[in-house]
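Asker: compute the structure for the input listed below.
(2 chains)
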Amino acid sequence: MMGLASIGSVTAVLIILGFVLIIVLNVNNVALIAKETFDEIAVYLYDDVDEKQIEELGKSFKDIDGVMGVAFQTKEYALEKLKEDWGENAYLLEGIRDNSLPNTYIVQLKDVENSEHVENQLRTFEGVEKVQYHKDAVNSLIRIADFVKKIGTGVILLLLLISIFIISNTIKITVLNRQKEIELMQYIGATNGYVRGPFMVEGIMLGFFGSVIAILLITLGYRYITNYLAIRFVAVLSGMSGYIVGVEMILNDLIIIFLTIGIGIGILGSLISLKKFLSV
Amino acid sequence: MCYIIKLQIVRGGTVIDFNSVSKIYKNEFTAVKNINLKIDDGEFVFIVGKSGAGKSTLIKLLLREIIPSEGIITYNEQDITKIRKRNVAQYRRKIGFVFQDYRLLPKMTVYENVAFAMEMICSNSKTVRREVPLVLSMVGLSDKAKYYPDELSGGEQQRVAIARAVINKPETIIADEPTGNLDPDTSKEIMKILTEINKRGTTVIMATHDMNIVQAYQKRIVELKRGVIIRDIKTGGCIDEPKEI
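Answerer: Below is the predicted model of the structure:
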């Protein structure tokens, strides 16, 4: 009965842990994609900058430390792109005679961490009207990801402690029932390892079964949720499918993590519960 | 009855030596104080004294269940107070212990209870099958090998406990009040077995407060009172002729 309670508690703890892990993984994934998407800086040039100057500016931008590459976008191309983006409403742009959109350089960064340095350098060039970068959005995402990671780690640690406590109490009950036998073993000259053996096996089995059940439930549950969301919000999610981490991508890691944690909890729980009783 | 408890290769000499041993517990209770005691190989020693005299503490010290607050205890010249925790098991294999309350495992048969002691020290099954019947024969329980402890009398249970204590051929047997729960006739049976074991070379240390037994067997008597040895009467002496030390 207590064995079932222990398996149940390990399963429950690992399921919560699994969901926390999945949330952390997904937030991380979103942050990573955002980093990759926003690793560009748009440099708008004044209208009076001539072609020669534009070319020189391009070369100078390329030489800045932390820049991976540059691409030039003419004001005409910018207008065409805008029309494309506006789709059905593009006719509204037809009347514009004077294209007020600027010539633009798209500067690609090696690493978003360098964005501030590159941005400051770009501002110093003559002919540069404005430098635009989605710094705040990226920074906010990174901050959220860090926060979720920290909270997630805290919750996971707390849950681990709780499950170690539960397992150690379960084993303690078995140990108490066999206290006289354990004492006897020690008086006879059985080594601590020999005495610990069966209890360790019990702890490992409790942890193992708890993790297997948790792996099954988490995998099925997560697959169901992702499928449900995909069907229900197909339109909204069509462009976001890359942001959600698929079950298949995490299954192998999940099995390794859960089995390691489950068995680890079992071993630790057994060791803690036996420590007091191995002092004869 | 051809079972040989111990091959006596080396005889004589001190096996156990308590040198100025004191034990003060955490609650500051002094259980034993300045104990100086030498026990020779092959001796039979009664440790006597009333409850609280320090008999149990002396046994616990010898079993390395506790370590002294002061002094040194040596077993065959090995300082047992310095044995590392992980090596205590090896040390205890030299000692067979008989409990007052037998401590038999209720779900095991007589045979299994005795075999259990051999399994604990990883003896192979062939040896177990060979040795257990010999020891059961020595304690007169060959015909009860398949019985469970609750099917036996107190005396029979204690004989199983003795069989379990000697099965691994220890150098020393420590018996803590082995006749404490038994009637006089049954106590005599137990004493007969312990004496037999001692005759075959095993050192026997028996804690008891049964003065009838002590006087009947004419062995060395060490008497404790409030944690101090007040008398050490050599073999053949009598408790009525105290020899103060």
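
Asker: going forward, measure contacts and count neighbours with C-alpha atoms only.
Answerer: Will do.

Asker: pull the number of nearby residues for B:Lys26.
Answerer: 7 (other CA atoms under 10 Å in any protein chain shown).

Asker: for it, give me phi and psi.
Answerer: When quoted as degrees, to the nearest 10, the phi and psi of B:Lys26 stand at phi -60, psi -30.

Asker: could you do B:Glu177 as well?
Answerer: According to degrees, to the nearest 10, B:Glu177 has phi 50, psi 50.

Asker: and it, what pLDDT?
Answerer: pLDDT, B:Glu177: 92.

Asker: verify the contact between it and B:Met211 for me.
Answerer: No: B:Glu177 is beyond contact range of B:Met211, at 11.7 Å (criterion: CA atoms under 8 Å).

Asker: which one's more surrounded, these two?
Answerer: Higher neighbour count among B:Glu177 and B:Met211: B:Glu177, with 21 against 12, using other CA under 10 Å.

Asker: ok, that one - contacts?
Answerer: Going by CA atoms under 8 Å, 6 or more residues apart in numbering or on different chains, B:Glu177 touches B:99-100, B:206-209.

Asker: narrow the residues you listed to those in helices?
Answerer: If you go by DSSP state H, those have nothing in helices.

Asker: how close does A:Leu184 sit to chain B?
Answerer: 7 Å (CA to the nearest CA, to the nearest Å).

Asker: that residue sits in which helix or strand?
Answerer: helix A:179-188 (DSSP states H and E).

Asker: after that helix, heading C-terminal, what element do we hit next?
Answerer: Sequence-wise, the next helix or strand downstream of helix A:179-188 (DSSP H and E) is helix A:192-232.

Asker: report the rounded mean pLDDT for that next one.
Answerer: Mean predicted lDDT for helix A:192-232 stands at 88.

Asker: contact partners for B:Arg92?
Answerer: B:Arg92 is in contact with A:187-189, B:63, counting by CA under 8 Å, 6+ apart.

Asker: for the helix holding A:Leu184, name the packing helices and strands.
Answerer: helix A:192-232, helix B:88-92, strand B:95-98, helix B:110-120 (3 or more CA pairs under 8 Å, 6 or more residues apart in numbering or on different chains; DSSP states H and E).

Asker: tell me, how many residues neighbour B:Asp210?
Answerer: 16.

Asker: and it, how far is that from chain A?
Answerer: 24 Å.

Asker: show me what from the stretch 101-250 of chain A comes close to chain B.
Answerer: A:180-181, A:184-192, A:194 (CA under 8 Å from any CA of the partner chain).

Asker: and of those, the nearest to chain B?
Answerer: A:Gly189 (4.2 Å; CA to the nearest CA).

Asker: so what does the closest one have for phi and psi?
Answerer: phi 110, psi 20.

Asker: columns neighbour count and distance to B:Ile16 on top of the contacts of B:Glu177, output as TSV?
Answerer: Formatted as TSV, the contacts of B:Glu177 follow (neighbours: other CA atoms under 10 Å in any protein chain shown; distance: CA to CA, whole Å):
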residue	neighbour count	distance to B:Ile16
B:Phe99	19	20
B:Gln100	18	22
B:Met206	26	14
B:Ala207	26	15
B:Thr208	22	19
B:His209	19	22
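
Asker: just send those back as a markdown table, with pLDDT too.
Answerer: Converted to a markdown table, those look like this (pLDDT from 0 to 100):
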| residue | pLDDT |
| --- | --- |
| B:Phe99 | 89 |
| B:Gln100 | 87 |
| B:Met206 | 96 |
| B:Ala207 | 95 |
| B:Thr208 | 92 |
| B:His209 | 86 |
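
Asker: in strands only, show me the residues you listed.
Answerer: Per DSSP state E, strands hold the following members of the contacts of B:Glu177: B:206-208.

Asker: let me have these in TSV, adding distance to A:Asp50 as columns.
Answerer: Shown next, in TSV, are those (distance: CA to CA, whole Å):
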residue	distance to A:Asp50
B:Met206	111
B:Ala207	110
B:Thr208	113
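
Asker: near chain A at all, stretch B:70-87?
Answerer: Yes: residues of stretch B:70-87 contacting chain A under CA under 8 Å from any CA: B:Arg86.

Asker: so what's the gap between the helix holding A:Leu184 and the chain middle?
Answerer: 49 Å (CA atoms, centre = their mean, to the nearest Å).

Asker: can you show me the CA trace of that helix as CSV?
Answerer: Taking Å, rounded to 0.1, in the frame of the first residue of the first chain, the C-alpha atoms of helix A:179-188 are listed here in CSV:
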residue,chain,number,x,y,z
GLN,A,179,14.4,-3.2,12.5
LYS,A,180,15.2,-6.3,14.6
GLU,A,181,16.3,-8.2,11.5
ILE,A,182,18.6,-5.3,10.5
GLU,A,183,20.1,-5.1,14.0
LEU,A,184,20.6,-8.9,14.0
MET,A,185,22.3,-8.7,10.6
GLN,A,186,24.7,-6.1,12.0
TYR,A,187,25.5,-8.1,15.1
ILE,A,188,26.2,-11.1,13.0
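
Asker: relative to helix A:192-232, how tilted is that helix?
Answerer: 130 degrees (axes from the mean of the first three to the mean of the last three CA atoms, to 10 degrees).

Asker: quick check: angle from helix A:179-188 to helix B:110-120?
Answerer: 60 degrees.

Asker: hmm, who's touching helix A:179-188?
Answerer: Against helix A:179-188 from outside (CA under 8 Å, 6+ apart): A:175, A:192, A:195, A:277-278, A:280, B:63, B:89, B:92-93, B:95-97, B:103, B:105, B:117, B:120, B:165.

Asker: just checking: what are the partner strands of the helix or strand where B:Ile221 lies?
Answerer: Following DSSP H and E, one finds B:Ile221 within strand B:220-225. With DSSP bridges as the test, strand B:220-225 is paired with strand B:44-48 (parallel), strand B:228-233 (antiparallel).

Asker: quick check: which of those strands is buried the most?
Answerer: The highest average neighbour count among the strands paired with strand B:220-225, using mean count of other CA atoms under 10 Å in any protein chain shown, belongs to strand B:44-48 at a mean of 25.

Asker: how far out from the middle of the chain is that strand?
Answerer: Counting by CA atoms, centre = their mean, strand B:44-48 comes out at 10 Å from the chain centroid.

Asker: average model confidence for that strand?
Answerer: Strand B:44-48 carries an average pLDDT of 95.

Asker: helix or strand right after that strand?
Answerer: Next helix or strand after strand B:44-48 toward the C-terminus (DSSP H and E): helix B:55-62.

Asker: tell me the buried residues in that next one?
Answerer: B:55-59, B:61-62 (16 or more other CA atoms under 10 Å in any protein chain shown).

Asker: quick one: which of those is nearest A:Tyr77?
Answerer: Of all these, A:Tyr77 sits closest to B:Leu61, with 93.7 Å by CA to CA.

Asker: what sits against that closest one?
Answerer: Contacts for B:Leu61 (CA under 8 Å, 6+ apart) come out as B:67-68.

Asker: give me that answer again for 10 Å
Answerer: B:18, B:21-23, B:55, B:67-68, B:73, B:80-81 (CA atoms under 10 Å, 6 or more residues apart in numbering or on different chains).

Asker: adding secondary structure, write the residues you listed out as JSON lines.
Answerer: Output for these, formatted as JSON lines (DSSP: H, G, I helix; E, B strand; the rest coil):
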{"residue": "B:Phe18", "secondary structure": "strand"}
{"residue": "B:Val21", "secondary structure": "strand"}
{"residue": "B:Ser22", "secondary structure": "strand"}
{"residue": "B:Lys23", "secondary structure": "strand"}
{"residue": "B:Lys55", "secondary structure": "helix"}
{"residue": "B:Ile67", "secondary structure": "coil"}
{"residue": "B:Pro68", "secondary structure": "coil"}
{"residue": "B:Ile73", "secondary structure": "strand"}
{"residue": "B:Ile80", "secondary structure": "helix"}
{"residue": "B:Thr81", "secondary structure": "helix"}
